[in-house]
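> below is the sequence, then the predicted model.
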Amino acid sequence: MPEAGLLRVVEAAPLPTGSYAAVLPRRAAAPKGWDPLLICVAVFIATAVGRVHELFPALAPLKPTLLASLLGIALFTIHQSGSRRIGLLRSPTTLCLLAFLGWCGLSVIGALNHGVAFQAWIDLFATVTMSVVLAGSVRRLRDVERLTLVYFGVVALYVGVVLARIQLTGDNWRLSNLYYYDANDLAALIASAIPLGFYFALDRRHVWLRVLSVLGLAILATGLIRSGSRGGFLAATAMGLYVLFGFTTVPARARVAGLLVIVAVIMTTASEQYWTAMRTMLAPEQDYNATSEGGRIKIWRRGLEYIETRPVFGVGAANFPVAEGTISSLAKNAARGIGVRWGAAHNSFIQVAAELGIPGLLIFVAWLVSAFRSLRRAGRRPAIPRRPEDDPARMAQALTASLVGFVVASVFLSLAYTDMLYVLVGFTVALAKTVRLGDERSRPRIARIR
């Protein structure tokens, strides 16, 4: 038999010379914990998504998002070896992501306002770059867990600080004037974070992590109610249904128990005003979104007009509000001294189609579909048994639930360029990479017996 450090030959009996035998590679030493690159990515998530520097203004002068991004890019560029090779990120999801970035750049040429479109493309370029760095920084499943825990933790922190500092009384029952997100965006963020909290609440390795995760889930459920967002309610409902019926890596009783706890928090914290607002979804004739020129329905109709008139390159990245104020059917009111609101699309798919044209929408949809397909493949049980801590199926299903919540919320919000989406996709690409690397490490090779 070979000495330690060489390949082990797996055989039941001696084989004759000239025959072949399967050999398994010796399990590589697990990479150590946090390192500078992972820390930079964690700081980026904490500031770009969790906005901790806005919660605590003393951090703002340090420019943590910019510093973490620049240092993270430099470290990732330097450490192009092993599981951090950029070539390992090659996938349909990454290809669609880069194609979306490229098409967004092309939209600058014919944009209504070139400066707005160019600035949006620069911001998107920086966000996409950090999404790639995030995926590239991950070495194994444990790193995906570390970074998703940061995502869940900073969202819970943000919501907790908001609930503690903003008092709601009487008619003022809904969160407003938040530090960065508005109430609807906050609800979408919460819906994307709850499945990750559910993942860590089921952790069997650390009791303290389970306790803190349950506490974080209670904070997020309360924040979801206080946001008063109907889109957030639908997103959370879709996410909850996926957890209940699609989270097959968790026993059914645990899924039901977890959702019952969240429902109990919602039922005990929701006010009558909240349920009154939710009931308006069943009576659209009473909803301003269906009756007002500034409501979502009529905004979407105007968005379809922009798509019809500019089907290829659209009105330009981030130019939907410009279109509302300059070329919309309402813009003529400005000549009569009637103000026109330069509002958002309130639908990510109409936003992309109007701003980047039909090709941009097709790329965007293909990108989301490829992310879901990647997670579905990662969620399949491997043919070669793994250790429980190396099984990516539960994380794949948690990220799928997060994306489900995000996509449903994006039907009612303009979220196509938000950091939360690109961080979630970065997690998806990272998980797919760890699955491929794990399969390569576990796959037997054939060696000739001499």
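Nice, I can see it. What you are looking at is a predicted structure, and each value in this text was computed from that prediction instead of being measured.

> low-confidence ranges in the stretch 51-200 of the chain?
170 (pLDDT under 70).

> helices of that one, start to end?
52-55, 64-78, 92-106, 114-137, 141-165, 183-201 (DSSP state H, counting those that start in this stretch).

> the second one packs against which elements?
Spelled out, that is helix 64-78. Contacts defined by 3 or more CB pairs under 8 Å, 6 or more residues apart in numbering; DSSP states H and E place helix 64-78 against helix 36-48, helix 52-55, helix 114-137. Every C-beta, even on glycine, is put in place using the N, C-alpha and C of the backbone.

> try the longest one
Other elements packing on helix 141-165 under the criterion 3+ CB pairs under 8 Å, 6+ apart are helix 36-48, helix 52-55, helix 114-137, helix 183-201, helix 207-227, helix 393-410, helix 419-442.

> same list (those helices) but as TSV, adding distance to Val315 and mean neighbour count.
Putting the helices and strands packed on helix 141-165 into TSV (distance: least, CB to CB, whole Å; neighbours: other CB atoms under 10 Å) gives the following:
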stretch	distance to Val315	mean neighbour count
helix 36-48	26	23
helix 52-55	30	19
helix 114-137	9	20
helix 183-201	22	26
helix 207-227	30	20
helix 393-410	19	24
helix 419-442	21	22
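
> I figured Ala317 hits Gly357, correct?
No: Ala317 lies out of contact with Gly357 (CB atoms under 8 Å); the separation is 10.8 Å.

> more neighbours: which of the two?
Under the criterion of other CB atoms under 10 Å, the comparison of Ala317 against Gly357 puts Ala317 first, with 31 against 24.

> how about that one: what's its closest non-neighbour residue?
Excluding the flanking residues, the one nearest Ala317 by CB to CB, 6 or more residues apart in numbering is Ala120, at 4.0 Å.

> re the thing from before, right, so of the helices and strands packed on helix 141-165, which gets closest to Val265?
Closest to Val265 of those is helix 207-227 (CB to CB; 4.1 Å).

> just checking, what packs against that closest one?
Checked by 3+ CB pairs under 8 Å, 6+ apart, helix 207-227 has helix 141-165, helix 183-201, helix 230-246, helix 252-269 packed alongside it.

> let's see it at 7 Å
If you count contacts as 3 or more CB pairs under 7 Å, 6 or more residues apart in numbering; DSSP states H and E, helix 207-227 packs onto helix 141-165, helix 183-201, helix 252-269.

> then it to CSV, C-alphas only?
What follows is helix 207-227, C-alpha atoms only, in CSV (Å, rounded to 0.1, in the frame of the first residue of the first chain):
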residue,chain,number,x,y,z
VAL,A,207,-27.1,25.9,20.3
TRP,A,208,-26.2,29.6,20.5
LEU,A,209,-26.6,30.0,16.7
ARG,A,210,-30.1,28.4,16.8
VAL,A,211,-31.2,30.7,19.7
LEU,A,212,-30.0,33.8,17.9
SER,A,213,-31.5,32.7,14.6
VAL,A,214,-34.9,32.3,16.2
LEU,A,215,-34.6,35.7,17.8
GLY,A,216,-33.6,37.2,14.4
LEU,A,217,-36.6,35.5,12.7
ALA,A,218,-38.9,37.0,15.3
ILE,A,219,-37.4,40.5,14.6
LEU,A,220,-37.8,40.0,10.9
ALA,A,221,-41.4,38.9,11.2
THR,A,222,-42.2,41.9,13.3
GLY,A,223,-40.4,44.2,10.8
LEU,A,224,-42.4,42.6,7.9
ILE,A,225,-45.7,43.5,9.7
ARG,A,226,-44.5,47.0,10.6
SER,A,227,-43.6,47.7,7.0
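
> so for that helix, mean pLDDT?
Average pLDDT, helix 207-227: 92.
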